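**Q** Need the 3D shape of this:
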Amino acid sequence: MKGYKTAFRKAFPYTIPVLTGYLFIGIAFGVMFAEKGYSFLWAVLMSTLVYAGSGQYLAVNFFVPGFSFLQALFLTLMVNVRHIFYGISLLEKFNRMGKKRWYMIFGLTDETYSLLCTTNVPKDVEEEKFLLAITLLNQSYWVIGSAIGGLAGAVLPFDSKGIDFAMTALFVVIFVEQWMQSKNRIPAMIGVISSILSLQLFGADSFILPSMLIIIAVLFTGRGKLDAEVEECH
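**A** Numbers count the residues shown, from 1 in each chain. Sure, this is the predicted structure:
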């Protein structure tokens with residue numbers, strides 16, 4: 001455990017924005033789950049073993065009668081397929097982490113990816129311990145929020161209509177923050193244009209995968225021109 005205490009202490013300030021976001025959207029998930037009649041322990045278990053963010057919001061509806069396994073599989077893939085593309089850009093980092101890479105792959109969320117890519121590792125901390133600390137802290141916020149929401153939802157009356165928009169709002173905040181901090185916004189514009197184009201062509205239920213494929217194709221094709229300008233993960 002040598003060095004981990006320092007790694008967690010150094011990593012914590014960087015995760016505070018995620019802390020504030022994950023607590024609230026974790027609570028929202030817990031409340032929605034409790035409204036379906038499930039114990040808060042199930043919400044905690046799902047956040048510990050599944051930890052899929054928007055996929056968990058979607059999964060709340062998987063437990064209603066008539067929802068098939070194939071539907072659940074397809075919708076989960078569509079919602080979380082972006083993580084495949086996140087992981088590709090972090091393969092080199094994760095491969096240097098030995099067995100810890102399996103948890104890093106599991107714990108890769110939008111917010112964690114953003115921190116792993118943009119945060120400079122302090123000089124007095126080992127990189128693998130620092131990255132692991134960020135990932136573990138972020139998941140702990142989500143689990144704690146789910147527990148609070150599950151308990152509150154079981155005890156207090158809630159009208160959860162519209163509460164699932166909390167996850168969408170968090171994505172918007174992340175995008176705006178990265179847009180403001182980035183010197184080169186070409187990749188972001190590629191993402192926006194590709195998403196709008198795919199939305200028009202494939203509809204709201206099927207546009208995620210095509211938009212991801214278009215983004216990857218454009219970025220790989222124009223990589224030579226973008227490498228000099230785009231801020232990369234280090």
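
**Q** In three-state terms, label residue 204 for me.
**A** Assigned by DSSP: H, G, I helix; E, B strand; the rest coil, the conformation of residue 204 is coil.

**Q** Which pLDDT does the model give it?
**A** Confidence at residue 204, expressed as pLDDT, is 81.

**Q** try the one 3 residues further on
**A** Confidence at residue 207, expressed as pLDDT, is 80.

**Q** what sits against it?
**A** 195, 198-199, 201 (C-beta atoms under 8 Å, 6 or more residues apart in numbering). Glycine gets a C-beta too; all of them are placed from N, C-alpha and C.

**Q** Looking at those, which is nearest residue 2?
**A** Of all these, residue 195 has the smallest distance to residue 2: 44.7 Å, by C-beta to C-beta.

**Q** picking up where we left off before, in CSV: the contacts of residue 207, plus pLDDT, neighbour count and distance to residue 144.
**A** Formatted as CSV, these follow (pLDDT from 0 to 100; neighbours: other C-beta atoms under 10 Å; distance: C-beta to C-beta, whole Å):
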residue, pLDDT, neighbour count, distance to residue 144
195, 87, 17, 32
198, 89, 20, 35
199, 89, 15, 35
201, 90, 11, 41
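
**Q** Narrow those to those in helices?
**A** Using DSSP state H, the subset of the contacts of residue 207 located in helices is 195, 198-199, 201.

**Q** quick one: the helices in this protein?
**A** Ranges of helices in the chain, per DSSP H, are 4-35, 40-49, 54-59, 69-80, 82-89, 91-95, 100-106, 110-118, 127-155, 165-181, 186-202, 208-221, 223-226.

**Q** worst-scoring helix or strand of this protein, pLDDT-wise?
**A** Here the helix or strand of the chain ranked lowest by mean pLDDT, DSSP states H and E is helix 223-226, holding a mean of 62.

**Q** Contact partners for the residue nearest to residue 22 when sequence neighbours are not counted?
**A** With C-beta to C-beta, 6 or more residues apart in numbering as the criterion, residue 22 has its nearest non-adjacent residue at 3.8 Å, and that residue is residue 141. Applying C-beta under 8 Å, 6+ apart to residue 141 gives the contacts 15, 18-19, 22-23, 26.

**Q** ok, now residue 17?
**A** Neighbouring residues of residue 17 by C-beta under 8 Å, 6+ apart: residue 177.

**Q** For it, give me the pLDDT.
**A** So residue 17 comes in at 86 (pLDDT).

**Q** what does the model give residue 55 for pLDDT?
**A** 77.

**Q** Which residue, other than its chain neighbours, is closest to residue 27?
**A** In space, residue 27 is closest to residue 149, 3.6 Å off (C-beta to C-beta, 6+ apart).

**Q** What is the burial count for that neighbour?
**A** Residues lying near residue 149 (other C-beta atoms under 10 Å) number 28.

**Q** could you check the distance from it over to residue 90?
**A** Distance, residue 149 to residue 90, by C-beta to C-beta, to the nearest Å: 30 Å.

**Q** What of residue 185?
**A** Taking C-beta to C-beta, one finds residue 185 at 22 Å from residue 90.

**Q** okay, these two: which has more neighbours?
**A** Shown here are residue 185 and residue 90; by other C-beta under 10 Å, residue 90 has more neighbours (18 against 13).

**Q** give the contact list for residue 138.
**A** Contacts of residue 138 by C-beta under 8 Å, 6+ apart are 15, 18, 22, 107, 109, 111-112, 115.

**Q** Name the member of those with the most neighbours.
**A** Within those, most neighbours by other C-beta under 10 Å means residue 22, with 27 neighbours.
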